[in-house]
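**Q** give me the fold of what follows.
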Amino acid sequence: MEGKTSPLHKSVQNYVYNLIPKGEGFLEYRLPRHTADLLWKPKKIVFEIQCSPISIDIAVARTNDYKKMGFHLVWILHQKSFNKTYLTLAELYLRKQKNCFFTNISELGHGYIYDQEEEIANNKRVSRSKEFTIDLSAFTIKRGSLKFQGAQARSRKILTKSIYAWYTSLYSFFLTFKD
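**A** Sure thing, here's the model as predicted:
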């Protein structure tokens, strides 16, 4: 179920929306299974902005659904709820996705989108680098893969062999029988 958006969520949406050329971006764009927070229609890029906790079921389902529809998906996780010492199963899953970044944008629209190098072991962030900004308007698509400027320096070591690995494997298995 997709609910109302908070002022913080709207602020991040507007920040990203203003990076997209006029007439190419659509806020709250209704698609068959979900409403995309922001769709860059000509580029087939969906931006999912997450300012509050999300369940792993929803994170996996949205990621898989958008991929099945042929969209590139970019997750933007607000540091208000994410990028803490301990990760939820959903954050672990999302950080394994190629284009999952953080933001510190305020309700007034001040801040930026960023990524970091990190090492995660047993659902705990054991090290992280200095933040480096990501320019969401500067990207390339090569061999069907979306890559943003600034993201090439990323190195994520996710060492966890926790319940997350078991859960996502099992959940993905059951999703193959869903449709």
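**Q** so which residue is dead centre in the chain?
**A** residue 75 (1.2 Å; CA atoms, centre = their mean).
**Q** that residue is in what secondary structure piece?
**A** Applying DSSP states H and E as the criterion places residue 75 in strand 72-78.
**Q** alpha carbons of that strand, as PDB, please.
**A** The C-alpha coordinates for strand 72-78 follow below in PDB (Å, rounded to 0.1, in the frame of the first residue of the first chain):
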ATOM      1  CA  HIS A  72      16.000   1.500 -14.500                       C
ATOM      2  CA  LEU A  73      15.500   1.900 -10.800                       C
ATOM      3  CA  VAL A  74      17.300   4.400  -8.500                       C
ATOM      4  CA  TRP A  75      16.700   4.100  -4.700                       C
ATOM      5  CA  ILE A  76      17.300   7.200  -2.600                       C
ATOM      6  CA  LEU A  77      17.400   6.500   1.100                       C
ATOM      7  CA  HIS A  78      17.200   9.400   3.500                       C
END
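**Q** can you give the strand pairings for it, parallel or anti for each?
**A** The strands that strand 72-78 pairs with in its sheet are strand 45-50 (parallel), strand 100-103 (parallel) (by DSSP bridges).
**Q** any chance of those in CSV, with distance to residue 86 and mean pLDDT too?
**A** Where C-beta positions appear, they are placed from N, C-alpha and C, glycine not excepted. Supplementary listing: the strands paired with strand 72-78 in CSV, determined by distance: least, CB to CB, whole Å; pLDDT from 0 to 100:
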stretch, distance to residue 86, mean pLDDT
strand 45-50, 17, 96
strand 100-103, 15, 96
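**Q** got these as TSV, with distance to residue 62 and mean neighbour count columns?
**A** Formatted as TSV, the entries for these read as follows, by distance: least, CB to CB, whole Å; neighbours: other CB atoms under 10 Å:
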stretch	distance to residue 62	mean neighbour count
strand 45-50	6	23
strand 100-103	12	22
